[in-house]
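Colleague: need a structure here:
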Amino acid sequence: MWDFDETIVAIASPTSPAPRGIVRLSGTSVLEILDRMGISPANQVRPSRYPAAVDLGVPLGMVDVDVMVWPTPRSYTGQPSAELHTFGSLPLLTGLTELAAHAGARAARPGEFTMRAFLAGRLDLTQAEAVLGVIDAEGRGSLDHALRQLSGNLSKPLEQMRSTLLNLIADVEAGLDFVDEDIEFVSDETVVQRLTEISETLRLTAEAMRQRGGTTSRATIILRGEPNAGKSRLLNRLSESDTAIVADVAGTTRDVVTLDTTLCGHPVRWVDTAGIETGNDDISRESQDHARRASDEADVRLWCIDSSRSDFDTALTQLRHQAGTSGRTGVIDLFVATKCDISSLPTAPDSKPKQEPASDSSDALLTCSALSDDGIETLVQTVLQRLLDRDSEEHGSVVGTAARCGQSLDQAHTSVLAAIELTRHSQGHEFVSAEMRTAAQCLGEVTGAVYTDDILDRVFGRFCIGK
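Modeller: Residues are numbered from 1 along each chain as shown. Next up, the predicted model:
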C-alpha cells in the first residue's frame, strides 16, 4: 500500500561519476525534514534557493549543497518538494539520502515522484510514460517523439475523442432519462455519423500505435536487389562498418546480416540480404525465404540496382514491380542506382553530392557510389527525412505507450463499432450507451481519466432539469 502523505527521498541524478548530483524530496513534511537535517536558511524566511552545509558525519564530514525548495503544491509532484544539489559523488549522495531517512523521509519507490505528479493532475498517464521515454531515448528521433508525447500530443487527441463520446452519451441518455421533458435529444443518424468518425480515428490511432511499437524502437533499413548490385558495400558504407563481406563474385551474401548502429543520431538496424534470384537448390530457396521475411518486416527498403548494367531500364521496372507487391503497411521504398562512379547514367550525380533529400515520390531514383561517396549524403538525408515524415504524419504523437495502450484502443474501437451496429438496427439506446461507456472507459484507461461522474455532470449541466 502506497502512502502518498509520506515524504519520500531518492537520488534523482545518474549514479555514475559526475560534477553535480541531485537528491530529491517530496511530501508534506519536506520543510520539517530539511530542518532536522540541519539544512535551514540563515534567516527565518526560507528562500526558494539557498546554500547550506550538511554534516554527514565520519568519514564524509561537511558537504556544501545548494538547496532548492518548492514549499507549496506548485511543484512537479503537486506537493511541497526540495532538491539538494551537490558534488556528483555516489557516497555523498547516498549519505544525504540516509540523513534524510533518519530525519523521517522514506526511500522512494521506482517512478513514485512521477506517480505523485499523475495523482496530483500534473501529468496524465501518457505524459508520465513519456518521462521514461525521454530518459530511455537512444537517439534524437526517439527523444523528439518522447518530448512531443510529454507535451500532450498523444493525450490531447484521445481526450478529444473521449470528450465527443461523453457528449454523445449525455445526449443519448438524456433521451432515456427525460423522455417526458421538452428536450431535443440526438437522432440515430447523428449518432451513427459521430461514431463513424470516432471509429475511423480510433482505427488509425491503434494502427499507428502498433507500427510505432515503442519510444526507443529502431527503424529497420533493409537492402534488397539482385546479386552483385553493390548492397553489401553500400551497407558497410552507410553503417560505417565492415560487417558485410564484399567481393566481386555474385551471391557472396547468402544469409540475413543485421547490424545495430545510429544514423545521424537516430537508432537504426541495417539488414543485408541475399540477392534476388530464382535458384533451385535448397540453400538458394531458404536464402530467398529469409530475405522475403526480413523485407516484409522492414521500415525502409533500399532497392539497389547496378547502374552500369546495359538493361538498366528494364531491370528497374521489374524491381519497382516487385517492391509494389510486397511489404507491410507504411513501408518506405527507395530505389538506389549503385556504382554510379562507373555508370554512364545521365542521372548519376557529379563528384559533389547533392545535399537536398530526394522527393517524397516512391518513383524517385537515387544514385550513389559507396566507393567515391557520390550521392551518399543525399541518400542518408532522404532516408532520415522519409522516416521523420512518416512518424510525424502516420504516428503523430503515438510513442512509447504501445504495449499498454494498444489493447485499450482496440477494445474502444470494437465497442464503437458495436454501438454503430446497435444504432443502425434500432436495438435500444440503453445498449448503445453501454457500448459507448465501455469505449469511453477504455480511452480513459489510456490517459488515466475517470469518466462516470463527469458523464453525469455533462447530462445535468447541459439540460435544465424539471422543464
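Colleague: Please report the distance of residue 336 from residue 306.
Modeller: Distance, residue 336 to residue 306, using Cβ to Cβ, to the nearest Å: 10 Å. Every residue, glycine included, has its C-beta placed from N, CA and C.
Colleague: between these two, who's got more neighbours?
Modeller: residue 336 (26 against 19; other Cβ atoms under 10 Å).
Colleague: helix/strand/coil for the more buried one?
Modeller: Classification of residue 336 using DSSP: H, G, I helix; E, B strand; the rest coil returns strand.
Colleague: Please list all residues in contact with it.
Modeller: 234, 302-305, 365-368, 379 (Cβ atoms under 8 Å, 6 or more residues apart in numbering).
Colleague: could you redo the last one with a cut-off of 10 Å?
Modeller: The contact partners of residue 336, by Cβ atoms under 10 Å, 6 or more residues apart in numbering, come to 223-225, 229-231, 234, 302-305, 307, 358, 365-368, 375, 379, 382-383.
Colleague: partners of it in the sheet?
Modeller: In this entry, residue 336 is beta-bridged to residue 304, residue 366, by DSSP bridges.
Colleague: So for it, what pLDDT did the model give?
Modeller: Looking at residue 336, its pLDDT is 90.
Colleague: Which ones among the contacts of residue 336 lie within helices?
Modeller: If you go by DSSP state H, these have 231, 234, 379, 382-383 in helices.
Colleague: shared neighbours of residue 336 and residue 306, anything?
Modeller: The contact sets of residue 336 and residue 306 overlap at 225, 229-230 (Cβ under 10 Å, 6+ apart).
Colleague: pretty sure residue 83 is touching residue 39, no?
Modeller: No. Contact criterion Cβ atoms under 10 Å: residue 83 and residue 39 do not qualify, at 11.4 Å.
Colleague: Comparing those two, which residue is more hemmed in?
Modeller: A count of neighbours by other Cβ under 10 Å puts residue 39 above the other of residue 83 and residue 39, at 23 against 20.
Colleague: surely the more buried one meets residue 54?
Modeller: Yes. Residue 39 is in contact with residue 54 according to Cβ under 10 Å; the separation is 5.9 Å.
Colleague: any residues in contact with both of these two?
Modeller: 65, 67, 84, 96, 99-100.
Colleague: Output those residues as JSON lines; include the columns pLDDT.
Modeller: Shown next, in JSON lines, are the shared contacts of residue 39 and residue 54 (pLDDT from 0 to 100):
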{"residue": "65", "pLDDT": "90"}
{"residue": "67", "pLDDT": "90"}
{"residue": "84", "pLDDT": "93"}
{"residue": "96", "pLDDT": "92"}
{"residue": "99", "pLDDT": "92"}
{"residue": "100", "pLDDT": "93"}
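Colleague: Just flag the most distant two among the residues you listed.
Modeller: Greatest spatial distance in those: 67 and 99, 13.2 Å, computed using Cβ to Cβ.
Colleague: quick one: common contacting residues for those two?
Modeller: In contact with both residue 67 and residue 99: 37, 39, 54, 84, using Cβ under 10 Å, 6+ apart.
Colleague: Show the contacting residues for the second one.
Modeller: Contact partners of residue 39, counting by Cβ under 10 Å, 6+ apart, are 31, 33, 50-54, 65, 67, 69, 82, 84, 96, 99-100, 103.
Colleague: Run through the stretch 251-400 of the chain and note the low-pLDDT ranges.
Modeller: Scanning the stretch 251-400 of the chain for pLDDT under 70 picks out the ranges 251-255, 265, 277-284, 327-329, 344-363, 389-400.
Colleague: could I get the shared contacts of residue 336 and residue 306 as a markdown table with distance to residue 157, pLDDT and neighbour count?
Modeller: Output for those, formatted as a markdown table (distance: Cβ to Cβ, whole Å; pLDDT from 0 to 100; neighbours: other Cβ atoms under 10 Å):
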| residue | distance to residue 157 | pLDDT | neighbour count |
| --- | --- | --- | --- |
| 225 | 40 | 87 | 24 |
| 229 | 43 | 85 | 26 |
| 230 | 43 | 84 | 25 |
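Colleague: and which of those residues is nearest to residue 318?
Modeller: When these are ranked by distance to residue 318 (Cβ to Cβ), residue 225 comes first, at 10.9 Å.
Colleague: Compute the distance between the closest one and residue 338, please.
Modeller: From residue 225 to residue 338 the distance is 8 Å (Cβ to Cβ).
Colleague: got it, and residue 379?
Modeller: Distance from residue 379 to residue 338, counting by Cβ to Cβ: 10 Å.
Colleague: Which one's more surrounded, these two?
Modeller: residue 338 (28 against 23).
Colleague: isn't that one right up against residue 369?
Modeller: Yes. With contact defined as Cβ under 10 Å, residue 338 reaches residue 369; the gap is 7.1 Å.
Colleague: Find the residues that touch each one of those two.
Modeller: 230, 233-234, 307, 375.
Colleague: Of those - the most surrounded one?
Modeller: Neighbour max across those (other Cβ under 10 Å) = residue 234, 27 neighbours.
Colleague: Three-state assignment for residue 267, please.
Modeller: Following three-state DSSP, we place residue 267 in the strand state.
Colleague: how close does it sit to residue 219?
Modeller: Residue 267 is 7 Å from residue 219, where distance means Cβ to Cβ.
Colleague: Could you check which of those two is surrounded by more residues?
Modeller: Ranked by neighbour count (other Cβ under 10 Å), residue 267 and residue 219 place residue 219 first, with 21 against 18.
Colleague: Skipping its backbone neighbours, what lies nearest the more buried one in space?
Modeller: residue 299 (4.5 Å; Cβ to Cβ, 6 or more residues apart in numbering).
Colleague: Surely that neighbour touches residue 222?
Modeller: Yes. Using Cβ under 10 Å, residue 299 is in contact with residue 222, at 8.6 Å.
Colleague: now the helices for the stretch 51-200 of the chain?
Modeller: Taking DSSP state H, counting those that start in this stretch as the criterion, the stretch 51-200 of the chain contains helices spanning 90-102, 112-119, 125-136, 140-150, 155-177, 188-212.
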